[in-house]
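Novice: just coords:
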């Protein structure tokens, strides 16, 4: 099953620290992540994920 995309609601994120306040935004990995086309990568790997929720339940033994 594919991971769900995070949706910011504003209200739920009121007390959550923003990532750019925690990490060094000038770090080379942060800069690299900003140059990657993540939507394209997501579209390329999306067919590899199952639409089912995973393994079915089993009765407890």
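Specialist: Structure's in. What do you need? What you are looking at is a predicted structure, and each value in this text was computed from that prediction instead of being measured.
Novice: gap between residue 43 and residue 36?
Specialist: Computed with CB to CB, to the nearest Å, the distance linking residue 43 and residue 36 is 13 Å. C-betas here are computed from N, CA, C, even on glycine.
Novice: scratch that, residue 46 is what I was asking about
Specialist: Residue 46 is 16 Å from residue 36, by CB to CB.
Novice: likewise residue 4?
Specialist: From residue 4 to residue 36 the distance is 20 Å (CB to CB).
Novice: for this protein, what are the low-confidence residue spans?
Specialist: Applying pLDDT under 70 to the chain flags the ranges 1-3, 6-13, 53-57, 61.
Novice: Show me which residues of the helix or strand hosting residue 39 are buried.
Specialist: Using DSSP states H and E, residue 39 maps to helix 38-45. Buried residues in helix 38-45, counted by 16 or more other CB atoms under 10 Å: none are found.
Novice: show me where this structure has strands.
Specialist: Counting by DSSP state E, the chain has no strands to list.
Novice: ok, back up a step: who has more neighbours, residue 4 and residue 36?
Specialist: residue 36 (9 against 6; other CB atoms under 10 Å).
Novice: how much space is there between that one and residue 42?
Specialist: Relative to residue 42, and taking CB to CB, residue 36 is found at 11 Å.
Novice: can you check residue 35 too?
Specialist: Distance, residue 35 to residue 42, by CB to CB: 16 Å.
Novice: residue ranges of the helices in the protein, please?
Specialist: 19-22, 28-35, 38-45 (DSSP state H).
Novice: can I get these in TSV with distance to residue 60?
Specialist: Output for the helices of the chain, formatted as TSV (distance: least, CB to CB, whole Å):
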stretch	distance to residue 60
helix 19-22	40
helix 28-35	43
helix 38-45	35
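Novice: right, and those helices - which one's nearest residue 51?
Specialist: Nearest to residue 51 among these is helix 38-45; the distance by CB to CB comes to 13.9 Å.
Novice: got the contact list for that closest one?
Specialist: For helix 38-45, there are no surrounding residues in contact (CB atoms under 8 Å, 6 or more residues apart in numbering).
Novice: Just give me the neighbour total for residue 30.
Specialist: 13.
Novice: Now it. Nearest residue, chain neighbours left out?
Specialist: residue 23 (6.3 Å; CB to CB, 6 or more residues apart in numbering).
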